[in-house]
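*Asks:* fold the following and give me the result.
(chains A and B)
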Amino acid sequence: MNCEKSRELFADYLGEELSSGDGRELQLHLRSCEGCRRELALLGSAKATLKEALPEVAIPQRLAFDLSRPRRQDWLQGFFRSRYTPWAAAAACFVSCAAALALFQAQLRVDSEGLQISFGSQSPAVVQTPPVAQPAAVATLGADEVDRLIEGKLASLEQAQSARFESRLAAAKSEWQAQRRQDWQQMTADLRYLEANQRSMVQDAARNSSYIQTLAHNLYAKDERPATVQ
Amino acid sequence: MALVRLTDKDLAQRVARGDGEAFNLLVGRWEQKLFGYCLRLTGDREDAFDICQDTFVKAFEQISQLQDYDKFSHWLFKIARNFCISLYREKKSFPRHEPDAGEDDAEGLETLLSSGLQVRIDSAQRFEPAELRLIVERALDHLSFEQRETVVLKIFEGLKFTEIAAIANCPVSTVKSRLYLGLSELKKFLSGNERGAS
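*Replies:* Okay, the predicted model is just below:
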């Protein structure tokens, strides 16, 4: 193996993906080549310095997304991907056809000549109105019974109204509570983020201060001259 | 089955069907790595955090376009990479935003690097951690975006060459070359052979 081939393997070595066969060959070459050995050692040191100098920084705030509301495109995609889609399409076609036939007053007839369709009212049907039944029962009711019936009906209406009102009130209350809880969570998360930012700023300030002190110390140390002995 | 035991692929499939809980689990799994990647590319905590958020939002919106759910993480890094590139183009570079004493630090570093105090990479332990961090960040600024990205993904995130190639959309040989050249540049800068260049 020559130096050129050897340096092609440096990236594999530094990236910790060197195969064992290539590793053996590289090792053999490095034993005999001072230049490549030194180059690889320096590259390895640069890599180690890099890792040491930039440690992992924690994310200032954990991310969480409120995804309770379904996305519009998901509705569409969900519909088109659903296994019930063909059935829904067939039902929609049937309803559309029925509506169209009704609209054009279509008449379907099956006789010896097969299925026949005609549109419009060619032979107007004679409509026979059924005789209206006399409300004999009402006629026999007294005024008191009618009042009682009206009161009963009013009471049931009031009851239904009251139940609807209660349920709407409960729904509004739970919605308000959920909103309040969400606001609290948001506020807590914001405060945590603020706190984390402040903490990191304080740490940065401390680090910078230490850096400046070291720098000043190094510069003063350099300027100091040893006293010459006469 | 408990969601936490599911693989990224299974969770991504659930997300595509509109499962918000599965998405938040994926966020929990990848937020730290993604933040680290963005931070080391941009060098700025706020930019990195913003990109992280934008990346997850875009991922949720476009997950139905993901062809192979197995490659969710690569796809996520690709989105973040595009945001980083946009930011890079917007700013022309990734300037350091050191709080308060930013200018002083930069000047101090120049002084340090031009005053004969070479950063010997084989004796990095002589430096204070904050000092070393500034020096290495300055050294990283000398790399091209692609070299810097490769170094970050390989050295810090521990991704394989093939994975980096998928994210950067280039051949594996190019990734290896970028890593080698990137580390060579860093070596030159850190060993003081190209001091003071800015």
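*Asks:* going forward, measure contacts and count neighbours with C-alpha atoms only.
*Replies:* Will do.
*Asks:* show me where chain A has strands.
*Replies:* Taking DSSP state E, the strands of chain A run over residues A:107-111, A:114-118.
*Asks:* could you give the average pLDDT over the first one?
*Replies:* Predicted confidence along strand A:107-111 averages 69 (mean pLDDT).
*Asks:* now the helix or strand hosting B:Val15, how far from the centre of its chain.
*Replies:* Using DSSP states H and E, the element containing B:Val15 is helix B:8-16. Distance of helix B:8-16 from the chain centroid (Cα atoms, centre = their mean, to the nearest Å) equals 25 Å.
*Asks:* which other helices and strands does the helix or strand that that helix is followed by contact?
*Replies:* Sequence-wise, the next helix or strand downstream of helix B:8-16 (DSSP H and E) is helix B:20-42. Helices and strands touching helix B:20-42, by 3 or more Cα pairs under 8 Å, 6 or more residues apart in numbering or on different chains; DSSP states H and E, are helix B:8-16, helix B:45-62, helix B:72-91.
*Asks:* tabulate those (TSV), appending mean pLDDT, mean neighbour count and distance to A:Glu175.
*Replies:* Listed next are the helices and strands packed on helix B:20-42 as TSV, based on pLDDT from 0 to 100; neighbours: other Cα atoms under 10 Å in any protein chain shown; distance: least, Cα to Cα, whole Å:
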stretch	mean pLDDT	mean neighbour count	distance to A:Glu175
helix B:8-16	87	20	26
helix B:45-62	90	19	26
helix B:72-91	88	18	35
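*Asks:* can I get those helices in TSV including distance to B:Gly182?
*Replies:* Below are the helices and strands packed on helix B:20-42 laid out as TSV (distance: least, Cα to Cα, whole Å):
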stretch	distance to B:Gly182
helix B:8-16	31
helix B:45-62	22
helix B:72-91	18
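*Asks:* returning to what we had before: list the contacts of the helix holding B:Val15.
*Replies:* Outside helix B:8-16, the residues within contact range by Cα atoms under 8 Å, 6 or more residues apart in numbering or on different chains are B:3, B:22-23, B:25-26, B:60, B:63-64, B:69-73.
*Asks:* pull the most distant pair out of those residues.
*Replies:* B:Leu3 and B:Ser64 (19.7 Å; Cα to Cα).
*Asks:* domain map for chain B?
*Replies:* What the record gives for chain B is the domain set B:7-91, B:106-192, from automatic domain parsing.
*Asks:* averaging pLDDT over each of these, which comes out lowest?
*Replies:* domain B:106-192 - the lowest mean pLDDT of the domains of chain B, at a mean of 77.
*Asks:* I'd like the distance from it to the chain centre, please.
*Replies:* 12 Å.
*Asks:* wait, does it make contact with chain A?
*Replies:* Yes. Domain B:106-192 reaches chain A (Cα under 8 Å from any Cα of the partner chain) through B:108, B:112, B:121-122, B:124, B:128-133, B:136, B:154-156, B:160-161, B:176-177, B:179-180, B:183-184, B:186-187, B:190.
*Asks:* which of the contacts of helix B:8-16 are buried?
*Replies:* Buried subset of the contacts of helix B:8-16 (neighbour count, 16 or more other Cα atoms under 10 Å in any protein chain shown): B:22-23, B:25-26, B:60, B:63-64, B:69, B:71-73.
*Asks:* what's the neighbour count on A:Ala90?
*Replies:* 11 (other Cα atoms under 10 Å in any protein chain shown).
*Asks:* any idea how far it is from A:Ala98?
*Replies:* Distance, A:Ala90 to A:Ala98, using Cα to Cα, to the nearest Å: 12 Å.
*Asks:* what's the burial count for the closest residue to B:Tyr180 other than its chain neighbours?
*Replies:* Spatial nearest neighbour of B:Tyr180, chain neighbours left out: A:Ala11 (5.3 Å); criterion: Cα to Cα, 6 or more residues apart in numbering or on different chains. A:Ala11: 23 surrounding residues under other Cα under 10 Å.
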